[in-house]
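Enquirer: Sharing a model that was predicted from the sequence below.
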Amino acid sequence: ALVMTRYTLVLDLDETLLKTRKNLKETDRNETTIRPEIKSLLKWASKTFRLKILTKRSFDYARRMCILLDPNGKHLRKSTAFEELIICKDDLKIINGEIVKDLNQLGLDSFETIVIDNDDKNWSDGKNLINLNTIKKEKNPIEFFLSIREAVWTKSVQLHQIKYCITIKRDVKPLSKLFR
């Protein structure tokens, strides 16, 4: 019997889904903008994946930003509470003063989780990562969204192939070039 896995898609919050900057006019306020086509991405992803939102900031900040991204709760909170959706700084480990993002430490299966982040330097294992900065920014917003969607599907196929090879105890070395 064929069993289809529902992958988890971890979306980095800051600099990936949205940008938050200090408001130059009011120094005690921040200005947040949502990347173009992120709402389309959330709509598509919520139908296809279990979603997680990741941030190095506080849980309260992440909750406020999730409400900004999805005010009606149609995509991010449709079947889960904020506590299950958000991975915040309190959930991440610190090594030598640096926050390290590690799927295993977060209780996520590394063969069934795809990560979209703008920065890969703090990930302990990059095989699950789609670095948003590698997707061409000069595309119009719809092409940018489609490029992200294509990258997610490609990554899910790669992870599935590796898990399959491990399951049947086949050599995974030929697949390692997929991650270069």
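Expert: That came through, no problem. This one's a predicted model, so the numbers in the text were calculated from it and none came from an experiment.
Enquirer: Determine the longest helix present in this structure.
Expert: Scanning the chain for the longest helix, with DSSP state H as the assignment, gives helix 141-167.
Enquirer: just how off-centre is that one within its chain?
Expert: Taking C-alpha atoms, centre = their mean, to the nearest Å, one finds helix 141-167 lying 12 Å from the centre of the chain it belongs to.
Enquirer: Over to stretch 65-84?
Expert: Worked out by C-alpha atoms, centre = their mean, stretch 65-84 lies 15 Å from the chain centre.
Enquirer: buried ones in it?
Expert: Residues of stretch 65-84 classed as buried by neighbour count (16 or more other C-beta atoms under 10 Å): 65-66, 69-70, 75-77, 82. In short, each C-beta sits where N, CA and C put it, glycine included.
Enquirer: ok, these vs residue 94, which is closest?
Expert: Proximity of the buried residues of stretch 65-84 to residue 94 (C-beta to C-beta) peaks at residue 65, which lies at 22.0 Å.
Enquirer: who's in contact with the closest one?
Expert: 13, 17-18, 20, 32, 53, 55 (C-beta atoms under 8 Å, 6 or more residues apart in numbering).
Enquirer: Among these, name the ones in strands.
Expert: Judged by DSSP state E, the subset of the contacts of residue 65 located in strands is 18, 20, 32, 53.
Enquirer: what about the first one, how many neighbours?
Expert: One way to gauge burial is a neighbour count; for residue 18, by other C-beta atoms under 10 Å, it gives 15.
Enquirer: Low-confidence stretches in this protein?
Expert: Across the chain, residues meeting the criterion (pLDDT under 70) sit at 1-5, 23-28, 78-79, 136-139, 169-180.
Enquirer: What's opposite the closest residue to residue 6 other than its chain neighbours in the beta bridge?
Expert: Counting by C-beta to C-beta, 6 or more residues apart in numbering, residue 6 lies nearest to residue 50, which is 6.0 Å off, once chain neighbours are set aside. Under DSSP bridges, the beta-bridge partners of residue 50 are residue 8.
Enquirer: Going through the contacts of residue 65, which ones are buried?
Expert: When these are checked for burial by 16+ other C-beta under 10 Å, the buried set is 13, 17, 20, 53, 55.
Enquirer: Now tabulate the residues you listed in JSON lines and tack on distance to residue 116.
Expert: Shown next, in JSON lines, are the buried ones among the contacts of residue 65 (distance: C-beta to C-beta, whole Å):
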{"residue": "13", "distance to residue 116": "11"}
{"residue": "17", "distance to residue 116": "9"}
{"residue": "20", "distance to residue 116": "17"}
{"residue": "53", "distance to residue 116": "11"}
{"residue": "55", "distance to residue 116": "13"}
